[in-house]
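Engineer: got a predicted structure here, sequence first:
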Amino acid sequence: MIKLQVIGNLGKDCIVKEINGKNVINFSVAHTERYKDSQGNQKERTTWVECAYWTDRTAVAQYLTKGRTVYAEGAPEADAYTNKEGQAAATLRMRVQTVQLLGGGNSESQGANAGNVSYNTNTAKPVAAATPAPAPVADSGDDLPF
C-alpha cells in the first residue's frame, strides 16, 4: 500500500454526501511551501489534495470548516487531464483513512474540545489524540544537558 500523509488547511467547508447508502465527506486540504529560487527571490507553491472520507460517523463534518488545520492520511490517487487553457494538469486525491483535527480556523464555532481529535475508519468512535507527558528531569547539579 502507498500511504499519503498531509497536514494543511481546509480551503472550504466540507460537503457530506450519501452515495449508494454510504456516507462520504469531501474536503480539500492545501499545503503551501515557501522557498527561495536560484536568484534568491521568495516563492511559494500551494499543493491541493482532494480528500474523500468514507465513514458512517459524519459528526466530524461539523469541524471540517474553511481554514481549519488538519492531518489526513490515506491512499493517494492522481488524475491527469488537460485544463481549459489546453495545458497538461494533474489532480491529487486521497481516500482518507484517518483525519485528525489540529486546530486553526474559527475557534468560536468549533468548541473547546474540537482540537486534537482523531477519526479513523478502523475505530468505532473518535479518540482524543495522545499528547505524551514530558519526561521528568533529574537535577544532577551540573549545567550539562547530557
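Structural biologist: Looks like it arrived, so ask away.

Engineer: what about the strands in this protein?
Structural biologist: 4-10, 15-19, 22-36, 42-54, 68-82, 88-104, 117-120, 127-128 (DSSP state E).

Engineer: for the first one, packing partners?
Structural biologist: Spelled out, it's strand 4-10. Counting contacts by 3 or more Cβ pairs under 8 Å, 6 or more residues apart in numbering; DSSP states H and E, strand 4-10 packs against strand 22-36, strand 42-54, strand 68-82, strand 88-104. C-beta here means a position set from N, CA and C on the backbone, and glycine is covered the same way.

Engineer: that one pairs with which strands?
Structural biologist: Sheet pairing of strand 4-10 (DSSP bridges) gives strand 22-36 (antiparallel), strand 68-82 (antiparallel).

Engineer: for residue 60, find the nearest of the strands of the chain.
Structural biologist: strand 117-120 (4.8 Å; Cβ to Cβ).

Engineer: mean confidence (pLDDT) on that closest one, please.
Structural biologist: When pLDDT is averaged over strand 117-120, the result is 61.

Engineer: ok, now stretch 2-19?
Structural biologist: The average pLDDT within stretch 2-19 is 94.

Engineer: what comes up buried for it?
Structural biologist: For stretch 2-19, a neighbour-count test (16 or more other Cβ atoms under 10 Å) marks 4, 6, 8-10, 14, 16 as buried.

Engineer: what does it contact?
Structural biologist: With contact meaning Cβ atoms under 8 Å, 6 or more residues apart in numbering, stretch 2-19 is reached by 23-32, 48-49, 58, 61, 64-76, 94, 102, 104-105.

Engineer: 7 Å instead?
Structural biologist: Contact partners of stretch 2-19, identified using Cβ atoms under 7 Å, 6 or more residues apart in numbering, comprise 23-31, 48-49, 58, 61, 64-76, 94, 102, 104.

Engineer: likewise for stretch 24-36?
Structural biologist: Residues outside stretch 24-36 that contact it (Cβ under 7 Å, 6+ apart): 6-12, 14-17, 42-55, 58, 61, 64, 70, 72.

Engineer: so residue 93 sits against residue 77, correct?
Structural biologist: Yes: the pair formed by residue 93 and residue 77 meets the contact definition of Cβ atoms under 7 Å, at 4.4 Å.

Engineer: so between the two, which is more surrounded?
Structural biologist: Using other Cβ atoms under 10 Å, the more surrounded residue of residue 93 and residue 77 is residue 93, with 19 against 14.
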